[in-house]
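Trainee: need a 3D model of the sequence below.
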Amino acid sequence: MIFRPTLLQATRRHLPAAARRSVLPRQQQPATLAAASALVSSKQRPVMHRSFGTSSVVRDSEEAKKTSLNTLSEDEEMMREMVSRFAREVVQPKVSEMDETETMDPAVIRGLFEAGLMGVETPAELGGAEASFLSAILVIEELAKIDPSVSVLCDVHNTLVNTVFRHYAGDALKKKYLPLLASEKLGCFCLSEAASGSDAFALQTRAELRGDHYVINGSKMWITNSGEADVFLVFATVDPSKGYKGITCFVVDREMGVSVAKKEKKLGIRASSTCQLSFDDVRVPRENVLGEVGKGYKIAIEILNEGRIGIAAQMVGLAQGAFDVALPYLFQRKQFGTLIGEFQAMQHQYAQIAVDIEAARLLTYNAARLKEEGKPFVKEAAMAKLYASQVAERASSRAVEWMGGVGFTRDVPAEKFYRDCKIGSIYEGTSNIQLQTIAKLLAKDYKE
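Mentor: The predicted model follows:
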């Protein structure tokens, strides 16, 4: 059957999916097909074909080819399956010991390199996998289902360090460092300081040009991967009088004199090293300026927007990992002669968490696809990071509760997921910063 759309139908096609599901009360709808057609002329809207066998509306062949956010390419699906297997076989046996000792097993880091997971988007000619951004997101998510500590190590290395080199470094730095970062050397991103957390550009680390070298003095805090890293992207100001326009990004090798001053003892993600760093007259060759002098602020802003999608993926994986640990228990343990997963109150709880996880995953995948397509994604990245961190807290907390006393012990991973989740609302932009970003962009859209 062919018909022309009503005004409501024509309008709803241009609304978000959630809004399109809203319909007018029956009494407000046109009484007949003829009346509906009269509302919109054929010149105003294209003819639509409705297939009553499905819920889809097919407008043309291009529309018919569109797929869901969960549809992956063959390469992406293979990547996800490979990482899932790696996480179970290589990472999982070491999770408890790494958490207890607060150290990252060197064998895990070597395994990540050998599996090709440390240069996911890096071009093949520079030793990388040359995969999609969503592939990197899938890697982060799958690793987080088993250990968020390993996940964030891989995340920072791929979505921050490698991406800065790929997008902003000159050819000489790319050719020198990207093959090493894909095969053997771990990287870290050094922005935060004691006085510059959310206000990242209040940093005090100074870089002074002396001949053919810059001399860096200052300190950094909360630097992920810094305990094991060989390559440090250090943000320092070359001229404090210029404010944020003096900030510059430098590539610093550990052997140039980077000193780990203190390793933090943390609530969660304990195996991931988070350290204070000291730079005392560290001499860095002038050619190790990454990008342009004074443009470090631009690099930091843009890369953190992308990095937030990575953290969202970590939190989605964490939530799913906690869920996967707890759900089987609900269908093994009985109370009052009934499996606890069959009590209605429990059913409502785990059904809601399943919905929350799926919603967070779709927000994350959507932001990743927008980024891949070169479309604006800052608001969507902030939404994904904010919501995924909230869901991770809810899911891991519920997992502990569902498992009762067992969940409160270290015999099962539920309590570790609960400890690990809290960082999601803090690093790479706190939840308040995400809300501020979202509000600012919404205001821009709605202000006249």
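Trainee: output the below-cut-off pLDDT ranges for the stretch 251-400 of the chain.
Mentor: By pLDDT under 70, the stretch 251-400 of the chain has no low-scoring segment.
Trainee: show me where it has its helices.
Mentor: Listed in chain order, the helices of the stretch 251-400 of the chain (DSSP state H, counting those that start in this stretch) span 296-330, 344-372, 378-407.
Trainee: which one of these is the most hemmed in?
Mentor: Of these, the one with the most neighbours on average (mean count of other C-beta atoms under 10 Å) is helix 296-330, at a mean of 25. Bear in mind the C-beta positions are built from the backbone N, C-alpha and C, glycine included.
Trainee: which helices and strands sit right next to it?
Mentor: Contacts defined by 3 or more C-beta pairs under 8 Å, 6 or more residues apart in numbering; DSSP states H and E place helix 296-330 against helix 133-146, helix 148-155, helix 163-168, strand 231-237, strand 247-253, helix 344-372, helix 378-407, helix 414-421.
Trainee: give me the most central residue, this structure.
Mentor: The centroid of the chain falls nearest to Gly310 when counting by C-alpha atoms, centre = their mean (1.7 Å).
Trainee: that one contacts Glu141, doesn't it?
Mentor: No. With contact defined as C-beta atoms under 8 Å, Gly310 and Glu141 do not form a contacting pair (9.5 Å).
Trainee: I'd like to know how far the nearest residue to Ala354 once chain neighbours are set aside sits from Phe201.
Mentor: Distances taken as C-beta to C-beta, 6 or more residues apart in numbering place Phe323 nearest to Ala354, at 7.1 Å, with adjacent residues excluded. Going from Phe323 to Phe201 by C-beta to C-beta, to the nearest Å gives 38 Å.
Trainee: now swap in Met82 and tell me
Mentor: From Met82 to Phe201 the distance is 39 Å (C-beta to C-beta).
Trainee: next: Leu339.
Mentor: 55 Å.
Trainee: of the two, which one has the most company?
Mentor: Neighbours per residue, other C-beta atoms under 10 Å: of Leu339 and Phe201, the larger number sits with Phe201, 17 against 13.
Trainee: so the more buried one sits in a strand?
Mentor: No. Counting by DSSP: H, G, I helix; E, B strand; the rest coil, Phe201 falls outside a strand, being helix.
Trainee: looking at it, it is touching Gly246, isn't it?
Mentor: No. With contacts counted by C-beta under 8 Å, Phe201 stays clear of Gly246, the gap being 9.7 Å.
Trainee: look up the closest residue to Arg99, ignoring the ones flanking it.
Mentor: I think there's a mix-up here, since residue 99 is Asp and not Arg. In space, Asp99 is closest to Arg270, 5.1 Å off (C-beta to C-beta, 6+ apart).
Trainee: which residues does that neighbour contact?
Mentor: Applying C-beta atoms under 8 Å, 6 or more residues apart in numbering to Arg270 gives the contacts Met98, Asp99, Glu102, Ser149.
Trainee: let's see if you can find the most crowded of the residues you listed.
Mentor: Ser149 (29 neighbours).
Trainee: who's in contact with the nearest residue to Ile247 once chain neighbours are set aside?
Mentor: Of all residues not flanking Ile247 in the chain, Gly296 sits nearest, at 3.9 Å (C-beta to C-beta, 6+ apart). The contact partners of Gly296, by C-beta under 8 Å, 6+ apart, come to Phe235, Ala236, Ile247, Thr248, Cys249.
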